[in-house]
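In: Build me a model:
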Amino acid sequence: VGQWRPVAGLTAALLAVLAVVAGGGESAGGGGADEVTVAIVQGNVPRLGLDFNAQRQAVLNNHVDATLKLAEQVAAGTQRRPDLVVWPENSSDIDPLRNPGAGYRISEAADAIGAPILVGAVLLGPGEGQVRNAGLLWRPGSGPDLAQLYTKRHPVPFAEYVPLRGIARMVSSEVDRVRSDFVPGATPGVLDTGPAVLGDVICFEVAYDGIVRDTVTGGAQLLVVQTNNATFDVAEARQQLAMVRLRAVEHGRAALMASTVGVSGFVTPDGRVSAATGFNTPAVVVRQMQLGNGRTPATRVGVWPEVALAALAVAALVGAAVLRRRREVAPG
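Out: Numbering: from 1, shown residues only. Presented below is the predicted three-dimensional model:
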């Protein structure tokens, strides 16, 4: 029995730590007092598939026009005025900071709705042949707020950039279909919009524990996932929304997912989905969302339970090997 004492001790310590953390966690909800009205604009694309961005101007126009229509509904009193509008990833693949026409159209939408718009933009640079996948806040009256800019921290290899391009080209020239390499950002997506502090992640960054947690520990009151599902299908989009539900419950934060083509929707801190949109269709949905300010036990401990459980598994394997060895060498 003695050889199992270290394992038992580690198990007891892990359970004690988790019990203390769970007992000492703050409430992550805002108590229903602080709310913000958010509009998701799902502009749709001319066609699905890998060449969706061949009509970049059409995609941008779709999101601008849908926002202008929402502004008309607000003016007519048939829709609530949003405090914040969220456009999806790739809603402006034309760099609005360098293309005056694209910038003008986004300003037109922001000024009409009278609220800041979180734009999913592809920005050129910083180097030659490099681009950034960004969430950029665009304010009515003043335009882009470069202090509130998030660059995707985990671009996808062989989809958003090609590692070791020279070697990869020897395997297949198809790698050059990725003409520019997306460079990663260095800071969490904590964006202060005024009405709310957002925790912005882009596309499948929602699958990475640390990237989402960094926004919450950085002060995010609301989780936002900007995504583009035009190159996938409805099953993948629903899978991604399920990940958003997990993150909402994990951190006790209301969350939303804004997609170019769907599925978009809102998620409460207990994981319930509302106003989910259809797939491959334009849609605009507006909801009031609760802001969160506390930290759940999962937010507090982060990766440490995984580390402790991995250590426990290793200790158990080592203990089992030692026990087996002793049995083999024990005199009969």
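In: what's near enough to touch the residue most central in space within the chain?
Out: Nearest residue to the geometric centre of the chain (Cα atoms, centre = their mean): residue 201, 2.7 Å. Going by Cβ atoms under 8 Å, 6 or more residues apart in numbering, residue 201 touches 189, 211-212, 215, 223-226. C-beta: built from backbone N, CA, C; applies to glycine.
In: Narrow those to those in strands?
Out: Using DSSP state E, 223-226 are the members of the contacts of residue 201 that sit in strands.
In: For residue 76, state which of those is nearest.
Out: Ranked by distance to residue 76 (Cβ to Cβ), the ones in strands among the contacts of residue 201 are led by residue 224 at 27.6 Å.
In: hey, what's the closest one bridged with?
Out: On the basis of DSSP bridges, residue 224 takes part in beta bridges with residue 200, residue 256.
In: Read off the pLDDT value for it.
Out: Residue 224 is assigned 98 on the pLDDT scale.
In: Could I get the full set of helices for the stretch 151-300 of the chain?
Out: 165-171, 209-217, 234-251, 297-301 (DSSP state H, counting those that start in this stretch).
In: thinking residue 169 is in contact with residue 175, fair?
Out: Yes - in this structure, residue 169 is within contact of residue 175 by Cβ atoms under 8 Å, at 5.6 Å.
In: Compare these two (neighbour count), which wins?
Out: In terms of neighbours (other Cβ atoms under 10 Å), residue 175 is the more surrounded of residue 169 and residue 175; the figures are 17 against 13.
In: Contacts only, for the more buried one.
Out: Listed by Cβ under 8 Å, 6+ apart, the contact partners of residue 175 are 158, 162, 165, 168-169.
In: Make JSON lines out of the helices of the stretch 151-300 of the chain and add mean pLDDT.
Out: Listed next are those as JSON lines, based on pLDDT from 0 to 100:
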{"stretch": "helix 165-171", "mean pLDDT": "81"}
{"stretch": "helix 209-217", "mean pLDDT": "96"}
{"stretch": "helix 234-251", "mean pLDDT": "96"}
{"stretch": "helix 297-301", "mean pLDDT": "91"}
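In: Next, format those as TSV and append distance to residue 99.
Out: TSV is the format used below for the helices of the stretch 151-300 of the chain (distance: least, Cβ to Cβ, whole Å):
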stretch	distance to residue 99
helix 165-171	27
helix 209-217	29
helix 234-251	29
helix 297-301	39
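In: who wins for proximity to residue 182 among those helices?
Out: Nearest to residue 182, of all the helices of the stretch 151-300 of the chain, is helix 165-171, at 13.0 Å by Cβ to Cβ.
In: Mind listing what's buried along the closest one?
Out: With burial defined by 16 or more other Cβ atoms under 10 Å, the residues of helix 165-171 counted as buried are residue 168.
In: quick one: which helix or strand includes residue 322?
Out: Element membership for residue 322 (DSSP states H and E) is helix 304-329.
In: how about that helix: buried residues?
Out: For helix 304-329, the neighbour count (16+ other Cβ under 10 Å) marks 308, 315, 319 as buried.
In: Against residue 242, how distant is the first one?
Out: Right, the one you point to is residue 308. Residue 308 sits 26 Å away from residue 242, going by Cβ to Cβ, to the nearest Å.
In: Isn't residue 39 up against residue 286?
Out: Yes - because the distance of 4.6 Å satisfies Cβ under 8 Å, residue 39 is recorded as touching residue 286.
In: who touches both of those two?
Out: Contact criterion Cβ under 8 Å, 6+ apart; residues shared by residue 39 and residue 286: 70, 82.
In: the more surrounded of those two?
Out: Neighbours per residue, other Cβ under 10 Å: of residue 39 and residue 286, the larger number sits with residue 39, 26 against 19.
In: Which pLDDT value belongs to that one?
Out: Looking at residue 39, its pLDDT is 98.
In: Residue 150 too?
Out: Per-residue pLDDT puts residue 150 at 98.
In: How much space separates the residue nearest to residue 108 when sequence neighbours are not counted from residue 220?
Out: Computed as Cβ to Cβ, 6 or more residues apart in numbering, the closest residue to residue 108 that is not its neighbour in sequence is residue 64, at 6.5 Å. To residue 220, residue 64 is 27 Å away according to Cβ to Cβ.
In: now residue 116
Out: Here residue 116 is placed at a distance of 16 Å from residue 220 (Cβ to Cβ).
In: Phi first, then psi, for residue 85.
Out: When read as degrees, to the nearest 10, the backbone of residue 85 gives phi -120, psi 140.
In: number of nearby residues for it?
Out: Neighbour count of residue 85, defined by other Cβ under 10 Å: 30.
In: Identify the bridge partners of it.
Out: Under the criterion used (DSSP bridges), residue 85 bridges to residue 39, residue 117.
In: Out of the contacts of residue 201, flag the one nearest to residue 276.
Out: Proximity of the contacts of residue 201 to residue 276 (Cβ to Cβ) peaks at residue 225, which lies at 13.3 Å.
In: residues contacting the closest one?
Out: Residues near residue 225 by Cβ under 8 Å, 6+ apart: 201-203, 205-206, 240, 244, 255-258.
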